[in-house]
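# Below is the sequence, then the predicted model.
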Amino acid sequence: MSENVLIRPSLPELDAILGKKFKVLDDGFVRLVDYMGSDSSIVQAARVSYGTGTKKVSEDRGLIRYLMRHRHTTPFEMCSLKLHVRVPMDAWRQWIRHRMASVNEYSTRYSIAIDAAQETEAREWRVQSADNKQGSDGFLSEDDGSALSDQERQMHQMVRKIYDERLEKGVAREQARKDLPLSTYTEAYWKMDLHNLLHFLALRMDSHAQYEIRVFAETIGNEIVSKWCPLAWEAFMDYRFKAQSFSSIELEIISEINAGNGKKATTMMEELGLLKYRDGKRLRNRERSELEDQLEQLNIAIPWRE
């Protein structure tokens, strides 16, 4: 087989935004530092004998969609992004849990902490969800929120003043930082391959993700990844992010509903422990609630609600 000269893919759409800061929240940002690979790199890896891949975009699109549909992950690892991000520490705690990345974070042990903390506008204070311990549902009144925002601003100013005074007195930076709030911004360089990046985006762009990290994920996906690997992004949105999946039991229940056996479907739900009552009222159940949301999207009647 003759050797092919391999040329590093260069994408005008990405080159145009290299170094550009996409503003997120009040003082955060996402900035593309570098990239490697493109849609063609995915195809090249999948069809290694072709060298530079197929020649028709339609063929490349079909192959990428096949790979995504059948969960072939390795070809997507041939592409990677390096980002520079500024993000509040509470959101960064969730972000850093995605371990398949190379990370170098701004260190407040060696450097003075960034003099910025994420502030919440009066209309943005969220109410704790009644059936989701790690989520929110709705917002406080703007009057209540205004008072909380004033308190937040005063607290940030006070904590920063104390931190600065510690540094002036010669307290070590590694100790002076210990009372800084989680809303303090940190910065990091973050590099990840496309396969793991799409997993990150699937979780963090989801409507149930915390808002503060969700807006970062949406910026990365919509402003950068969609321009970087548009065919892979399209396949990701179709087959993963906007797709629905059902367990084998859920498929049986849907089959019974579609066959007109609503009573049997309800009995199955009860036997599985997904449908329980107390004093004549249905008890909350996360798994049942998620299934009901899916059934509503498909315009399928929910028999145990009738």
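In hand now; what should we look at?

# what are the ranges of the strands in the chain?
For the chain, the strands defined by DSSP state E occupy 21-24, 28-36, 80-88, 102-105, 126-128, 136-139, 185-193, 277-278, 281-282.

# Turn those strands into a markdown table, including mean neighbour count and mean pLDDT.
Glycine gets a C-beta too; all of them are placed from N, C-alpha and C. Formatted as a markdown table, these follow (neighbours: other C-beta atoms under 10 Å; pLDDT from 0 to 100):
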| stretch | mean neighbour count | mean pLDDT |
| --- | --- | --- |
| strand 21-24 | 16 | 98 |
| strand 28-36 | 19 | 98 |
| strand 80-88 | 22 | 98 |
| strand 102-105 | 12 | 97 |
| strand 126-128 | 12 | 92 |
| strand 136-139 | 12 | 86 |
| strand 185-193 | 20 | 98 |
| strand 277-278 | 8 | 92 |
| strand 281-282 | 10 | 90 |
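
# of these, which approaches Arg214 most closely?
Ranking those by proximity to Arg214 (C-beta to C-beta) places strand 21-24 first, at 10.2 Å.

# Could you export the closest one as PDB, CA atoms only?
Included here for strand 21-24 are C-alpha records, laid out as PDB according to Å, rounded to 0.1, in the frame of the first residue of the first chain:
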ATOM      1  CA  LYS A  21     -14.000  34.500  24.700                       C
ATOM      2  CA  PHE A  22     -17.600  33.400  24.800                       C
ATOM      3  CA  LYS A  23     -19.100  35.100  27.800                       C
ATOM      4  CA  VAL A  24     -21.000  32.800  30.300                       C
END
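
# right, so of the strands of the chain, which gets closest to Glu152?
Ranking the strands of the chain by their distance to Glu152 (criterion: C-beta to C-beta) puts strand 80-88 first, at 12.5 Å.

# Quick one, which of the strands of the chain gets closest to Ile112.
strand 185-193 (12.5 Å).

# partners of that closest one in the sheet?
According to DSSP bridges, strand 185-193 forms sheet pairs with strand 80-88 (antiparallel), strand 102-105 (antiparallel).

# Ok, which of these comes nearest Leu182?
Here strand 80-88 is closest among the strands paired with strand 185-193 (C-beta to C-beta), at 6.9 Å.

# could you check the angle strand 28-36 makes with the closest one?
Here strand 80-88 runs at an angle of 170 degrees relative to strand 28-36 (axes from the mean of the first three to the mean of the last three C-alpha atoms, to 10 degrees).

# Please compute how far strand 80-88 lies from its chain's middle.
Distance of strand 80-88 from the chain centroid (C-alpha atoms, centre = their mean, to the nearest Å) equals 13 Å.

# contact partners of it?
24-25, 27-37, 95, 114, 117-118, 182-194, 197, 212-213, 216, 220, 224-225, 228 (C-beta atoms under 8 Å, 6 or more residues apart in numbering).
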